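J.: need coordinates for the following:
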Amino acid sequence: MPDSDSPAPIDPSLLIVRKRVGQIRHVDVDKKYGFIEAEDYREDVFFHLSQWEGNGPRDTAPRRGQVVEFEIDELHRRNEGKLRAKVVRPTKRPVGEKMSGYTDPHLMVKHHPKARQTKPKWRNKD
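T.: Next up is the predicted model:
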């Protein structure tokens, strides 16, 4: 019979993976690790250089200040309580850019033309 205090094992295939954006804050190429300043978290996200996926032969190593997208290793976060990136790659997505309907009109909700109908005539008996 399983112990009621221990949590049930998590199936990794059921975890939702979301790409996040951040900026590389520190890289130590000799020790093969770095930290990302993520826009979603207060603390920095650790990554190992083996997780780096460059965009070609010229993009072999991450640079300080480079904008990257990454995925959080959710199993490690749940088990250890620490943030670690699984996949890190360069991106052209802007950091901290909030989307709004004024700057991105294609995101504004458009209603059906008949959605704003007048009040029914039976209400205006006054």
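
J.: what is the helix or strand bottoming out on mean pLDDT in the chain packed up against?
T.: For the chain, counting by mean pLDDT, DSSP states H and E, helix 74-80 ranks last in confidence among helices and strands (a mean of 86). Using 3 or more Cβ pairs under 8 Å, 6 or more residues apart in numbering; DSSP states H and E as the contact criterion, helix 74-80 has no neighbours among helices and strands. Any C-beta I mention is one placed from the backbone N, CA and C, and that applies to glycine too.

J.: buried set for that helix?
T.: Neighbour-count burial for helix 74-80, counted by 16 or more other Cβ atoms under 10 Å, picks out Glu74.

J.: using CSV, write out every CA atom in it.
T.: Included here for helix 74-80 are C-alpha records, laid out as CSV according to Å, rounded to 0.1, in the frame of the first residue of the first chain:
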residue,chain,number,x,y,z
GLU,A,74,9.0,21.3,-14.6
LEU,A,75,10.0,18.0,-13.0
HIS,A,76,13.1,19.6,-11.5
ARG,A,77,11.2,22.6,-10.3
ARG,A,78,8.6,20.4,-8.6
ASN,A,79,11.1,18.0,-7.0
GLU,A,80,14.0,20.4,-6.1
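
J.: pLDDT averaged over the helix or strand just after that helix - what is it?
T.: Towards the C-terminus, the helix or strand next in line after helix 74-80, according to DSSP states H and E, is strand 85-90. Averaged across strand 85-90, the pLDDT comes to 90.

J.: only the buried residues of strand 85-90, if you could.
T.: Under the neighbour-count rule (16+ other Cβ under 10 Å), strand 85-90 has Ala85, Val87, Val88, Arg89, Pro90 buried.
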